[in-house]
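**Student:** Got a predicted structure here, sequence first:
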Amino acid sequence: MVTRIQVSGDRPYDVLVGRDLAGELPSLIEGAAQVAVLFSAPLRDRAQLVAEAAGVPALLIEVPDAERGKTIEVAAMCWDKLGANNFTRTDAVVGVGGGAVTDLAGYVAASWLRGVRWVPCSTSLLGMVDAAVGGKTGVNIAAGKNLVGAFHPPAGVLCDLDALRTLPADDLLAGLAEVIKCGFIADPAILDLVENDPAGAVDPESPVLRELVERAIRVKAEVVSVDLKESGLREILNYGHTLGHAIEKREQYTWKHGHAVAVGLIFAAALSHLSGRLDAAAHARHRAILRQVGLPVSYSKDAWPDLLSAMRVDKKARAATLRFVVLDELAKPGILAGPDDALLERAYAEVAR
Ligand SMILES: NC(=O)c1ccc[n+]([C@@H]2O[C@H](COP(=O)([O-])OP(=O)(O)OC[C@H]3O[C@@H](n4cnc5c(N)ncnc54)[C@H](O)[C@@H]3O)[C@@H](O)[C@H]2O)c1
Ligand SMILES: O=C(O)C(=O)C[C@@H](O)[C@H](O)[C@H](O)COP(=O)(O)O
Ligand SMILES: [Zn+2]
């Protein structure tokens with residue numbers, strides 16, 4: 001069974017969730033004379049299958065794995081290959097992998113000839129529920145996470161649940177952090193599902209995981225359908241990310257994104273509660289659910305000055321004013337602008353170890 005979740009807007013497309021989906025690719029790249037298939041080593045076999053299913057000649061481009069591939073140097077290597085192979089505006093880029101590869105593939109597509117079609121074939125939980133949906137593409141630079149990129153919606157998104165069978169357990173867990181984020185900002189039924197069956201939530205064969213994937217994609221699809229370029233509503237998807245991205249930068253991108261977001265969720269919940277907006281029970285639920293599934297909930301207490309300075313280049317900041325996504329209640333996100341340093345430090349005390 002294939003589930004189609006529509007993303008609307010100026011450039012509508014579908015997110016397909018199911019099994020054995022490579023056969024859906026040709027219709028998404030119709031008219032292309034060739035495709036470039038970007039992948040990293042762990043996905044070599046799957047990339048080969050996708051390339052064969054494309055129905056047109058495929059240029060396989062291997063990139064470094066995980067965040068090591070999400071750099072401007074790797075993007076430049078890909079541009080050179082597209083140039084050497086005469087890629088034109090009717091050709092297409094396909095990313096086979098987790099969020100790192102699809103963010104890179106999307107950015108290569110967004111920048112090549114000022115924008116060609118692309119299709120993420122998402123292979124990680126995090127990629128399916130988040131990175132592949134919504135058209136945010138980009139790379140990391142020394143100054144911070146995802147600071148260079150473009151909004152460039154894909155032609156369609158393929159989420160083949162079979163891929164999750166080979167995804168390492170820690171990466172499944174990382175994806176669960178974004179699923180749980182969606183539960184807090186928009187769909188609390190997600191929280192109930194995870195709390196009632198934490199094992200099913202990370203079991204690729206379980207209907208619970210499939211339901212979580214579809215629910216989280218629906219949350220994201222609804223948001224990006226009305227606010228592709230993050231001029232307002234889309235900011236809610238950044239819940240937990242202001243501190244999360246700062247941790248990733250401080251760890252030189254060796255921490256998994258989802259793990260950093262989990263710690264960031266604890267911080268965001270603390271800010272929500274300490275600023276008088278979120279009640280104690282909803283605040284406590286963050287730590288309880290993240291601990292229950294085994295995600296990290298703490299970080300070094302000595303890191304605060306580094307984290308504070310990294311947060312100043314967060315995309316939600318406006319001039320010197322830091323802005324955080326917080327919760328007023330479950331599924332009611334809002335913005336906390338310019339909190340004073342004392343409040344930030346009190347919130348960080350809940351994370352510090
Ligand atoms: N564009 C967006 O809107 C958006 C949203 C959320 C996250 N992101 C980005 O996504 C990235 C994180 O994505 P991620 O968690 O998928 O990490 P990742 O892409 O680094 O993948 C994690 C690891 O799992 C491996 N892997 C992926 N699928 C596999 C499979 N099926 N079998 C075996 N191994 C597999 C990868 O090769 C990698 O080693 C971050 O860079 C984050 O910033 C982007
Ligand atoms: O899609 C969005 O918008 C998000 O904020 C989703 C996040 O989970 C994701 O990590 C995104 O890449 C963060 O984007 P950034 O603009 O804060 O770099
Ligand atoms: Zn994220």
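**Tutor:** On my side now, so go ahead. Note that the coordinates shown come from a computational prediction; the quantities given were computed from them, not determined experimentally. Ligands and ions are numbered 1, 2, ... in the order given.
**Student:** my guess is residue 96 is in a helix, correct?
**Tutor:** No: assessed with DSSP: H, G, I helix; E, B strand; the rest coil, residue 96 is strand; it does not lie in a helix.
**Student:** That one - how many residues pack around it?
**Tutor:** Using other C-beta atoms under 10 Å, residue 96 has 30 other residues around it. The C-beta positions use only the backbone N, C-alpha and C, and glycine is treated the same way.
**Student:** I'd assumed residue 119 was in contact with it.
**Tutor:** No: contact between residue 96 and residue 119 fails when scored by C-beta atoms under 8 Å: they sit 9.5 Å apart.
**Student:** if I read this right, residue 245 contacts residue 310, doesn't it?
**Tutor:** Yes: counting by C-beta under 8 Å, residue 245 sits close enough to residue 310 to count as a contact (7.2 Å).
**Student:** tell me, what's touching those two both at once?
**Tutor:** residue 144 (C-beta atoms under 8 Å, 6 or more residues apart in numbering).
**Student:** Mind checking which of those two has more residues around it?
**Tutor:** Taking neighbours as other C-beta under 10 Å, residue 245 and residue 310 compare with residue 245 leading, 26 against 21.
**Student:** List phi and psi for that one.
**Tutor:** phi -60, psi -30 (degrees, to the nearest 10).
**Student:** what residues go with each domain of the protein?
**Tutor:** Here the domain parsing of the chain from automatic domain parsing is 3-166, 169-349.
**Student:** ok and the residue in the stretch 1-150 of the chain nearest ligand 2?
**Tutor:** Going by C-beta to the nearest ligand atom, ligand 2 is nearest to residue 146 of the stretch 1-150 of the chain, at 3.3 Å.
**Student:** Now name the helix or strand holding that residue.
**Tutor:** For residue 146, the element it lies in under DSSP states H and E is strand 144-151.
**Student:** quick one: residue 314 is in a helix?
**Tutor:** No: with three-state DSSP as the criterion, residue 314 is located in coil rather than a helix.
**Student:** pLDDT below threshold where in the stretch 1-150 of the chain?
**Tutor:** Scanning the stretch 1-150 of the chain for pLDDT under 70 picks out no residues.
**Student:** near ligand 1, which residues of it show up?
**Tutor:** 40, 42-43, 65-67, 70, 97-101, 103, 123-124, 126-127, 130-131, 134, 136, 146 (C-beta under 6 Å from any ligand atom).
**Student:** just checking, what packs against the strand holding residue 146?
**Tutor:** helix 99-111, strand 136-141, helix 241-250 (3 or more C-beta pairs under 8 Å, 6 or more residues apart in numbering; DSSP states H and E).
**Student:** Reformat the ones you listed as a markdown table; add distance to residue 187.
**Tutor:** As requested, the helices and strands packed on strand 144-151 are exported to a markdown table (distance: least, C-beta to C-beta, whole Å):
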| stretch | distance to residue 187 |
| --- | --- |
| helix 99-111 | 20 |
| strand 136-141 | 20 |
| helix 241-250 | 18 |
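**Student:** Next, format the ones you listed as CSV and append distance to ligand 2.
**Tutor:** Output for the helices and strands packed on strand 144-151, formatted as CSV (distance: least, C-beta to the nearest ligand atom, whole Å):
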stretch, distance to ligand 2
helix 99-111, 7
strand 136-141, 5
helix 241-250, 5
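**Student:** Quick check: which of these is buried the most?
**Tutor:** helix 99-111 (a mean of 28; mean count of other C-beta atoms under 10 Å).
**Student:** Provide a list of residues in contact with residue 6.
**Tutor:** With contact set as C-beta under 8 Å, 6+ apart, residue 6 has these partners: 12-15, 221, 225.
**Student:** Wasn't it part of a strand?
**Tutor:** Yes: with three-state DSSP as the criterion, residue 6 is part of a strand.
**Student:** From ligand 1, how far off is it?
**Tutor:** Using C-beta to the nearest ligand atom, to the nearest Å, residue 6 is found at 18 Å from ligand 1.
**Student:** Just list whatever residues bridge to that residue.
**Tutor:** residue 14 (DSSP bridges).
**Student:** And stretch 60-76, what's buried?
**Tutor:** 60-61, 63-67, 69-71, 74-75 (16 or more other C-beta atoms under 10 Å).
**Student:** Convert the C-alpha atoms of it to CSV, please.
**Tutor:** Backbone C-alpha positions of stretch 60-76 (Å, rounded to 0.1, in the frame of the first residue of the first chain) are rendered in CSV as follows:
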residue,chain,number,x,y,z
LEU,A,60,26.3,7.8,-10.0
ILE,A,61,28.1,10.3,-7.8
GLU,A,62,29.5,9.0,-4.4
VAL,A,63,29.8,11.7,-1.7
PRO,A,64,31.3,11.5,1.8
ASP,A,65,28.9,10.0,4.3
ALA,A,66,26.7,12.0,6.8
GLU,A,67,27.7,15.6,7.6
ARG,A,68,31.1,15.2,5.9
GLY,A,69,29.3,15.3,2.6
LYS,A,70,27.2,18.4,3.5
THR,A,71,29.9,20.9,2.5
ILE,A,72,30.4,23.5,-0.2
GLU,A,73,33.5,21.6,-1.4
VAL,A,74,31.4,18.4,-2.0
ALA,A,75,28.7,20.5,-3.7
ALA,A,76,31.5,21.9,-6.0
